[in-house]
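S.K.: Need the 3D shape of this:
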Amino acid sequence: MFHPNQIHTRILCWFLTGLMLITPSSHLLAQQVAPDAIELKGQDDKAPEAEYDTTLLADPAFVPVPDIVDTPLDVNYLLPQACLVVSLRPQAILASPFAKMMPIEVVQAASLQQTGLDPLQLDRLLLSIEPPAAGPPNYAVMGSFITPVVGKLHPQLTEHTTANEQATRPHLQSQHPLMPSLYFPADTVLLATPEVTLQKFLTSKYRPSESSLHERLLAAASDDVYVAIDVVPLRPLINGLLMQNPIPPQFQHFNVVPDLVKTIELRMNLSHAGTNELVIESNNDQDAEELSGLVEKSFDMIRSQTAAEIAQLKQNSDPVQQAMGRYQERMMNEMSAALAPQREGAKLIIFRQTGEQGQMGMLTMTAVSGILVALLLPAVQAAREAAKRSSSMNNLKQIMLALLNYESVHGQFPSQASFGTNGKPLLSWRVHILPFLEEQKLYDQFHLDEPWDSEHNKQLISKMPASFAEPSSKFAPQEGRTNYLGVKGKGMAFSGEKEGRKLREFSDGTSNSLIVLQVNDQRATTWTRPDDWELDPKNNLSGLSGSMHPGIFLAAYCDGSVRAISESIDPELFKALLTIAGGEVVQNP
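M.R.: Numbering: from 1, shown residues only. Below you'll find the model as predicted:
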């Protein structure tokens, strides 16, 4: 049975699925094994991993890949508010001459072993993502295969689901909100998307044609790789991150870029003579002119830094190092020539290569793409950080909602711990708010008159609810370690006494009193243990600094709000926020 604590493993498997399906290979090696050789057990059979055929690497019996068929692009499962669209033609890419040196056998065998899906049979892959709101971003991934995939998925990709039917088609309904439901509109088509999103697709509540990227996607249907980003709905998120995590002063002039960019489009063609380009569209000609200057300035900064490294190499007494400097200088000149942005009205063409420019043009484009990917990695990392931070804030909001509901029912917040007849603490407040986190069944399994580490209660540690699991933590959820600790101490939200705090005790105001903090992994604790954060007079931020997010940690206030607090917060202000009746006049950070 799937448990929420396995969420990281499941996400990793799905990530591996996508990775395996888009890795390049060659026409010679991109072969399919005869169907009998790779027949997999269906998910209903729950076959052990050992029964999967993993002998592909040793099997020389390849048959030719069928001719590439230019099938229509199905956009019925495009999210209408999508800000990111990715369209791939994996089979065409795998059959292209530019994939000849890639380890297709390894990719195919690993994909079959880990996912049950053959990347050589994947005709099209379409991904769309909507801007993140309060929780994780909404998404839809559709794969169109050449051969049927119903019953082929590896059990580890489906054990978070229950078998069902929807409109007479196989439907594996997710039992966890962060994991996708799996739906098969046809035997050769797989759709992975949250259950709520799936129901909107099936009941026609979604209209893909409303997407701002819909027409662009249709126009790029023949491209092997097409990526489009609608930056406009992402501006509030990007600008918010820039305000909370300021970039170094020498890069401050780049802060305006999100407001100048409207869309970004990347198209690549490896299997046929098509256009390869990266185009940034601005709001208007004036913004495009300003953006062009910023792009050129960024290239100048890169060239300047590279030139300094080249000069150092050329001055080295070692002839090999000197040669390396000359090589880097030559490559920099080549890349500078390739990366010569051109204006077309409101559009900025970062690079453009046409099929008529031959293989050298394609190789240059590939190298340029690699450089651009490297330059975009910080942005990708920032997006991942934003998603994790949003998920963590949502966890804290759920915890605060449970605490406030507890107070509403019992007339007071829970005490920091429950106590035995001998006066020793037994179980954390986190256990006692379980009924208010829709975890009544788990709560009923605890022996409330026993300590957290009794033989019985220890067995429940691995069942930690998802709300207590920090997304950025190195700990797997099943380890039962939480990074959400109460503020404990004299005059603080959790006093450590047998009676919990009443709202009337918060004379400083609930909006000025901290109650739960996000701590770093070194300070994380077992979620059932009556252990919480206490102020260290010698180091106010002990257990908080170096937390999950650069330069900040998350904190929940007694009014239910959740905010990010800078690690550079004034020590006296932080102390004032920790007390509930200190009488200080504070201005929240």
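
S.K.: quick one, strands of the stretch 151-300 of the chain?
M.R.: Applying DSSP state E, counting those that start in this stretch to the stretch 151-300 of the chain gives strands spanning 161-166, 169-174, 181-186, 189-193, 225-230, 261-268, 276-282.

S.K.: how about the ones you listed in JSON lines, adding distance to His154 and mean neighbour count?
M.R.: (Glycine included, C-beta is placed from N, CA and C.) Putting the strands of the stretch 151-300 of the chain into JSON lines (distance: least, C-beta to C-beta, whole Å; neighbours: other C-beta atoms under 10 Å) gives the following:
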{"stretch": "strand 161-166", "distance to His154": "13", "mean neighbour count": "14"}
{"stretch": "strand 169-174", "distance to His154": "12", "mean neighbour count": "19"}
{"stretch": "strand 181-186", "distance to His154": "12", "mean neighbour count": "20"}
{"stretch": "strand 189-193", "distance to His154": "13", "mean neighbour count": "23"}
{"stretch": "strand 225-230", "distance to His154": "26", "mean neighbour count": "21"}
{"stretch": "strand 261-268", "distance to His154": "30", "mean neighbour count": "20"}
{"stretch": "strand 276-282", "distance to His154": "35", "mean neighbour count": "21"}
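
S.K.: Looking at these, which is nearest to Glu289?
M.R.: Go through the strands of the stretch 151-300 of the chain one by one with C-beta to C-beta and the one that ends up closest to Glu289 is strand 276-282, at 8.4 Å.

S.K.: same question for the closest one, mean pLDDT?
M.R.: Over the span of strand 276-282, the pLDDT mean works out to 91.

S.K.: hmm, who's touching that strand?
M.R.: For strand 276-282, contacts defined as C-beta atoms under 8 Å, 6 or more residues apart in numbering pick out 260-269, 288, 290-291, 295, 346-354, 362, 365, 369, 372.

S.K.: could you flag which of those residues are buried?
M.R.: Among the contacts of strand 276-282, those buried by neighbour count (16 or more other C-beta atoms under 10 Å) are 260-269, 288, 291, 295, 346-348, 350-353, 362, 365, 369.

S.K.: so where's the stretch 401-550 of the chain shaky on pLDDT?
M.R.: Along the stretch 401-550 of the chain, the model assigns pLDDT under 70 to residues 547.

S.K.: re the thing from before, out of the strands of the stretch 151-300 of the chain, the one nearest His432 is which?
M.R.: In terms of C-beta to C-beta, the element of those nearest to His432 is strand 169-174, at 28.9 Å.

S.K.: and the closest one, what does it pack onto?
M.R.: In this structure, strand 169-174 packs against strand 161-166, strand 181-186, helix 195-202, with contacts taken as 3 or more C-beta pairs under 8 Å, 6 or more residues apart in numbering; DSSP states H and E.

S.K.: Mind listing the strands it pairs with, and their directions?
M.R.: Counting by DSSP bridges, the strands paired with strand 169-174 are strand 161-166 (antiparallel), strand 181-186 (antiparallel).

S.K.: mean pLDDT lowest for which of the ones you listed?
M.R.: Between the strands paired with strand 169-174, the lowest average pLDDT goes to strand 161-166, which shows a mean of 88.

S.K.: That one to helix 195-202, inter-axis angle?
M.R.: Using axes from the mean of the first three to the mean of the last three C-alpha atoms, to 10 degrees, the interaxial angle of strand 161-166 with respect to helix 195-202 works out to 20 degrees.

S.K.: Which residues does strand 161-166 contact?
M.R.: Counting contacts by C-beta under 8 Å, 6+ apart, the residues outside strand 161-166 that touch it are 2, 43-44, 170-175, 179, 181-183, 198, 202.

S.K.: Would you format the strands paired with strand 169-174 as CSV with distance to Leu434 included?
M.R.: Below are the strands paired with strand 169-174 laid out as CSV (distance: least, C-beta to C-beta, whole Å):
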stretch, distance to Leu434
strand 161-166, 24
strand 181-186, 26
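
S.K.: Tell me which of the ones you listed sits nearest to Leu442.
M.R.: strand 161-166 (19.5 Å).

S.K.: Using CSV, write down the CA coordinates of that closest one.
M.R.: Extracted in CSV, the C-alpha atoms of strand 161-166 (Å, rounded to 0.1, in the frame of the first residue of the first chain):
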residue,chain,number,x,y,z
THR,A,161,-3.2,4.6,-7.0
THR,A,162,-6.3,2.5,-7.0
ALA,A,163,-7.7,0.9,-10.2
ASN,A,164,-10.8,2.5,-11.6
GLU,A,165,-12.5,3.3,-14.8
GLN,A,166,-13.4,6.7,-16.3
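
S.K.: what separates it from the chain centre, distance-wise?
M.R.: Relative to the chain's own centre, strand 161-166 is displaced by 26 Å; criterion: C-alpha atoms, centre = their mean, to the nearest Å.

S.K.: just stretch 108-118 next, same as before
M.R.: The chain centroid and the centroid of stretch 108-118 are separated by 22 Å under C-alpha atoms, centre = their mean.

S.K.: Could you do stretch 542-550 as well?
M.R.: Between the centre of stretch 542-550 and the centre of its chain there are 20 Å (C-alpha atoms, centre = their mean).

S.K.: ok so, going back, which stretch among the strands paired with strand 169-174 approaches Pro119 most closely?
M.R.: In terms of C-beta to C-beta, the element of the strands paired with strand 169-174 nearest to Pro119 is strand 181-186, at 17.8 Å.

S.K.: Now do that closest one: everything it contacts.
M.R.: Judged by C-beta under 8 Å, 6+ apart, the contacts made with strand 181-186 from elsewhere in the structure are 76-77, 149-150, 153, 157-158, 161, 166, 169-174, 190-195, 198, 202.

S.K.: could you check the angle strand 189-193 makes with it?
M.R.: Put simply, strand 181-186 runs at 150 degrees to strand 189-193, going by the same axes, to 10 degrees.

S.K.: Show me how far strand 181-186 is from its chain's centre.
M.R.: Its chain's C-alpha centre lies 23 Å from the corresponding centre of strand 181-186 when counted by C-alpha atoms, centre = their mean.

S.K.: Stretch 215-234 now?
M.R.: The offset between the C-alpha centroid of stretch 215-234 and the centroid of the whole chain comes to 20 Å, using C-alpha atoms, centre = their mean.

S.K.: could you give the mean pLDDT of that stretch?
M.R.: Stretch 215-234 shows an average pLDDT of 91 in the prediction.

S.K.: What of stretch 580-589?
M.R.: The predicted confidence, averaged over stretch 580-589, sits at 77.

S.K.: Show me what counts as buried in it.
M.R.: Counting neighbours by 16+ other C-beta under 10 Å, one finds that the buried residues in stretch 580-589 are 580, 582, 586.

S.K.: I'd say the first one and Gly489 touch.
M.R.: Okay, so that is Ile580. No. With contacts counted by C-beta atoms under 8 Å, Ile580 stays clear of Gly489, the gap being 10.4 Å.

S.K.: what separates stretch 468-481 from the chain centre, distance-wise?
M.R.: Here the centre of stretch 468-481 is set off from its chain's centre by 16 Å, with C-alpha atoms, centre = their mean.
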